[in-house]
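In: Got a predicted model here, sequence first, then my questions.
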Amino acid sequence: MREINFLTWNTQLYEMGNSINDEQPVKKIDMLTFNIVVEKVKKFLDSKNEAVAILQEIPFKCNIDGFKEHILFHKFLEFFPDDKYDMYYNVSSEKQIKMTVVLAKKIGSEKLIYQKKEELNNNMCVSFGIKELDFDASIFIGQVKHLEFDLIRNQSH
């Protein structure tokens, strides 16, 4: 039996260091909160044989700094180096302050996930497939706070 583990999380990390609206002051960057989030994700991915994390509202650009790449985006990339993890996200605007990111730990040099470029892809949605899954399934995950679940597929059928 094959077990694929999923973690979905609306991180709200993009709110740190960005102006959300005129009434709300800019939320300070809280490195402790950021580190807790990424460490939990990393622990989840590293503790499972096959695991995928779908993370919403990851910061990309900073709207109070001329839309330069957000400092937390650089830190995020450092936590998940491309020699150990596959990471997919989409850039759909030069002024994009947040995005959805799909992550999976590489199994040796093998990829667990791949991006489906021909399907819906924008800064809020990443279409992806799972290697060697023998049925065609589309999974759409909307705005959720924090949910962990397992997809169990019996390969004997």
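Out: On my side now, so go ahead. Numbering: from 1, shown residues only.
In: Enumerate every residue touching the most centrally placed residue in the chain.
Out: Central residue of the chain (C-alpha atoms, centre = their mean): V101, 2.7 Å from the mean position. Taking C-beta atoms under 8 Å, 6 or more residues apart in numbering, we find V101 in contact with A53, I54, L55, I58, F76, M87, Y88, Y89, V126. (Glycine included, C-beta is placed from N, CA and C.)
In: ok, how many other residues are close to the residue nearest to N90 when sequence neighbours are not counted?
Out: Leaving out its chain neighbours, the residue that sits closest to N90 by C-beta to C-beta, 6 or more residues apart in numbering is N121, at 4.8 Å. The number of residues packed near N121 is 18, by other C-beta atoms under 10 Å.
In: that older thread, minimum pLDDT in the contacts of V101, which residue is that?
Out: For these, the model is least confident at V126; its pLDDT is 92.
In: which residues does I64 contact?
Out: Taking C-beta under 8 Å, 6+ apart, one finds G17, N18, S19, V26 in contact with I64.
In: Next, find the distance separating F128 from Q56.
Out: 14 Å (C-beta to C-beta, to the nearest Å).
In: Neighbour count: these two, which is higher?
Out: Neighbours were counted for F128 and for Q56 using other C-beta under 10 Å; Q56 has more, 22 against 19.
In: What is the strand or helix carrying that one packed up against?
Out: Here Q56 is covered by strand 51-59, with elements defined by DSSP states H and E. Packing partners of strand 51-59 (3 or more C-beta pairs under 8 Å, 6 or more residues apart in numbering; DSSP states H and E): strand 2-10, helix 31-47, helix 71-79, strand 98-105.
In: So for N63, which of those sits nearest?
Out: strand 98-105 (10.0 Å; C-beta to C-beta).
In: which other helices and strands contact the helix or strand that that closest one is followed by?
Out: Moving toward the C-terminus from strand 98-105, the next helix or strand (DSSP H and E) is strand 113-115. On a contact count with 3+ C-beta pairs under 8 Å, 6+ apart, strand 113-115 meets strand 85-88, strand 98-105, strand 128-130.
In: avg pLDDT for strand 113-115?
Out: 93.
In: Which positions in that strand come out as buried?
Out: By 16 or more other C-beta atoms under 10 Å, the buried positions in strand 113-115 come out as I113, Q115.
In: Pull the residues that contact it.
Out: V52, D86, Y88, V102, A104, N121, V126, S127, F128, G129, I130, K131.
In: ok, the residues you listed vs E110, which is closest?
Out: K131 (7.2 Å).
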